[in-house]
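**Student:** Whatever this is, show me its structure:
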Amino acid sequence: MKTATKEKVLILTGNYGDGHIQVAQALHDAIEMRYPSLEPVVFDFMEWVHPYSNQFSRFIYLQGVKKFPQVYGFIYQKTRKVNKLSNVMKSILSTGVGRMLKLIEEVQPTVVVSTFPLAAAVMSKVKSLGLTDIPTVTTITDHTDHSCWIYPFTDQYIVGSKIVRDSLIELGVEENRIAHTGIPIRQQFSQAFQREEIFAKYGLDPHMSTILVMGGGCGMIGDGNSTIEEIDALSKPIQLIIVCGHNEKLRMQLQEKLKDSKHRIHLTGYIQYVHELMAISDLMITKPGGVTTFEAIAMELPMLLYKPIPGQEQDNAKFLVRSGVAVQAKTNQELMDRLSTLLGKKEILQEMRENTKQFHPKESAFASIEVIMNNKKADNRLVDLMYTFG
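**Tutor:** Numbers count the residues shown, from 1 in each chain. So this is what the prediction gives:
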């Protein structure tokens, strides 16, 4: 007896910061749990469409953001709304129609989901050329709006908040094409935890104030060493958990510098158990990436935001501070002042925990896939023109 082929959901992401990948994984896992008759297929869009230039362009992007943040922020603001500059950039960046069509032909999905803006750009271009009628859904992975996410042939947008929904409407997106479900997060951030067991598992002290320091997947927070040195100067001993991500150089440097620290130090590289560390922490010091901060909201973890990158991270910071789930520090001195205040006034931390409850992040991935399912169709096709672009 022939086994029926599962309908496929194609999820496109990009390795330009961990957030896009984490959202793609959250959607993948939620589909497997809620719709076992479907097959979610995740592809790194940039790796597939631009296999030869992807590593170089990713390096340039990350170095540009790190070393020339003001330039990045200037371009980001100049292209926030649809204008001549944003349209020129979209035209330049929406290349790869032929490779995109080849992927669609191989996967034969009933819906395409983009968690990366350039993927949304190319899918819209494919549809504008009349080469496919596959429904497309875009999941915005920050607490903000930007024209780089907005394309005329995107059928549905999934956003993290009412504020982003309203901003998209101002950018000209029809209200019925926007669903505000929360940013999809992985299920491990939605479960209950036994804090005592986690403290014991990692050899940590449950009686000390515990601060989690996150710098994103690339381990970039402030000036790296100098940021941690400032925190290390605190007079009262604390428990400091530092996640360096993929930045192995930073981890090795900190391991040497903090070996005689009066604080209790737990130092890691890139890990898969961040949810456990969030569960036992009293406060997280972090860059305001959209996905990491929404995961923290799900864990009811207060945040101290430090040196956001101009652009979407600054927007995220404004949203989080306005929502009462975070405070922000712009300088090393502010970081120390805010940290000392929060450690000394537990009632402020408790208020921030309470403020996280205005969001409902634990079901965001499932709510998002319901939106996706409402947009999929059983019979999609590529037209004969496909091979013109192969």
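**Student:** Tell me where the stretch 101-250 of the chain has strands.
**Tutor:** For the stretch 101-250 of the chain, the strands identified by DSSP state E, counting those that start in this stretch occupy 109-114, 136-139, 156-159, 178-180, 210-214, 239-243, in order along the chain.
**Student:** Those: which one's closest to residue 80?
**Tutor:** When the strands of the stretch 101-250 of the chain are compared by Cβ to Cβ, strand 156-159 sits nearest residue 80, at 15.6 Å. Yep, even glycine has a C-beta here, placed from its N, CA and C like the rest.
**Student:** What strands line up against that closest one, and which way round?
**Tutor:** Here strand 156-159 is paired, per DSSP bridges, with strand 136-139 (parallel), strand 178-180 (parallel).
**Student:** Which residues does stretch 350-362 contact?
**Tutor:** Contacts of stretch 350-362 with the rest of the structure, by Cβ atoms under 8 Å, 6 or more residues apart in numbering, involve 161, 182-183, 185, 189-190, 294-295, 297-298, 300-303, 323-327.
**Student:** That stretch spans what distance, first to last residue?
**Tutor:** Counting by Cα to Cα, to the nearest Å, the length from the leading to the trailing residue of stretch 350-362 is 20 Å.
**Student:** Pull out the buried residues from that stretch.
**Tutor:** Counting neighbours by 16 or more other Cβ atoms under 10 Å, one finds that the buried residues in stretch 350-362 are 352, 353, 355, 356, 359, 361, 362.
**Student:** Among those, which are located in helices?
**Tutor:** Counting by DSSP state H, the buried residues of stretch 350-362 place 352, 353, 355 in helices.
**Student:** Which pLDDT value belongs to the second one?
**Tutor:** Looking back up the chat, that one is residue 353. pLDDT recorded at residue 353 is 95.
**Student:** that older thread, quick one, which of the strands of the stretch 101-250 of the chain gets closest to residue 344.
**Tutor:** Distance to residue 344, taken as Cβ to Cβ, is lowest for strand 210-214 among the strands of the stretch 101-250 of the chain, at 13.3 Å.
**Student:** In CSV, list the ones in helices among the buried residues of stretch 350-362 along with distance to residue 60.
**Tutor:** Listed next are those as CSV, based on distance: Cβ to Cβ, whole Å:
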residue, distance to residue 60
352, 37
353, 40
355, 38
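**Student:** closest to residue 233 among these?
**Tutor:** Ranking these by separation from residue 233, with Cβ to Cβ as the measure, puts residue 352 on top at 24.0 Å.
**Student:** Return the residues in contact with residue 373.
**Tutor:** Contact partners of residue 373, counting by Cβ under 8 Å, 6+ apart, are residue 35.
**Student:** Which secondary structure state does it sit in?
**Tutor:** Under the three-state scheme (DSSP: H, G, I helix; E, B strand; the rest coil), the conformation of residue 373 reads as helix.
**Student:** From residue 71, how far out is it?
**Tutor:** Distance, residue 373 to residue 71, using Cβ to Cβ, to the nearest Å: 41 Å.
**Student:** Of all the strands of the stretch 101-250 of the chain, which one is nearest residue 169?
**Tutor:** Closest approach to residue 169 among the strands of the stretch 101-250 of the chain (Cβ to Cβ): strand 178-180, 7.1 Å.
**Student:** highest average neighbour count across the strands paired with strand 156-159?
**Tutor:** Ranked by mean neighbour count, the strands paired with strand 156-159 are led by strand 136-139 with a mean of 27 (mean count of other Cβ atoms under 10 Å).
**Student:** So what's the residue count around residue 281?
**Tutor:** Here the number of neighbours of residue 281 (other Cβ atoms under 10 Å) works out to 22.
**Student:** Ok, residue 67 next?
**Tutor:** By other Cβ under 10 Å, the residues close to residue 67 number 9.
**Student:** which residues touch it?
**Tutor:** Remark: with contacts taken as Cβ under 8 Å, 6+ apart, residue 67 is in contact with nothing.
**Student:** Show the backbone phi and psi for it.
**Tutor:** Summarising the backbone geometry of residue 67 under the convention degrees, to the nearest 10, its torsions are phi -100, psi -20.
**Student:** how would you label residue 12: helix, strand or coil?
**Tutor:** Classification of residue 12 using three-state DSSP returns strand.
**Student:** Was I right to think it contacts residue 113?
**Tutor:** Yes - contact status for residue 12 versus residue 113: in contact at 6.9 Å, counting by Cβ atoms under 8 Å.
**Student:** Which one's more surrounded, these two?
**Tutor:** In this comparison of residue 12 against residue 113, neighbours counted by other Cβ under 10 Å, the higher total goes to residue 113 at 34 against 28.
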